[in-house]
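Novice: No letters, just coordinates:
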């Protein structure tokens, strides 16, 4: 092959790869996080103080997406994921000249434990932190943004729980 033919082939391959990546990212495609959970956790009972809460729903959805069988009742031979507490706190980071809050730090704290038959309970806790800028002139838009930010933090918390479950040593 001539140098021109090799160069043309390289250009075509590069352009094809870039076009494919651009199209996939433009349509919203992203790889789903698959977690390899231990065999003992392929059937799981999930309990929570707020069984209909957003975090519990996200965790259950993620578990189902990873082919984990969820049972409705706790039994002795089935592992249990118990969400003990989740809370959202905020603290002021900065103020406008007129004394109104300009920026908050949001901290979403989660505590949970994993229970196995004849084994010690394993407790975990973690925080998800985000900064949020307040704008009194756009209260409605900022309210919607805060709602989306809370949802994003809960999704990240559910992903963190699954990552920790996958890394759990039995």
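Specialist: Arrived safely. Just so it is clear, the model here is predicted, and its values are computed rather than measured.
Novice: got the contact list for the helix or strand of the chain with the lowest mean pLDDT?
Specialist: Counting by mean pLDDT, DSSP states H and E, the weakest-scoring helix or strand in the chain turns out to be helix 3-26, with a mean of 80. The contact list for helix 3-26 (C-beta atoms under 8 Å, 6 or more residues apart in numbering) reads residue 1. Backbone N, C-alpha and C define where each C-beta goes, glycine included.
Novice: Residue 84 in helix, strand or coil?
Specialist: What DSSP: H, G, I helix; E, B strand; the rest coil gives for residue 84 is strand.
Novice: my bad, should have said residue 37
Specialist: Relying on three-state DSSP, one would call residue 37 coil.
Novice: what about it, neighbour count?
Specialist: Neighbourhood size, residue 37 [other C-beta atoms under 10 Å]: 19.
Novice: Ok, residue 158 next?
Specialist: Quick note: residue 158 (other C-beta under 10 Å) scores 22 neighbours.
Novice: what's the helix or strand for it?
Specialist: Using DSSP states H and E, residue 158 sits in helix 139-166.
Novice: Tell me the buried residues in the least confident helix or strand of the chain?
Specialist: When neighbours are counted by 16 or more other C-beta atoms under 10 Å, no buried residue of helix 3-26 is found.
Novice: Identify the residue nearest the spatially most central residue of the chain in space, chain neighbours excluded?
Specialist: Centroid-nearest residue in the chain: residue 156, 2.2 Å away (criterion: C-alpha atoms, centre = their mean). Leaving aside its chain neighbours, residue 156 sits nearest to residue 128 (5.2 Å; criterion: C-beta to C-beta, 6 or more residues apart in numbering).
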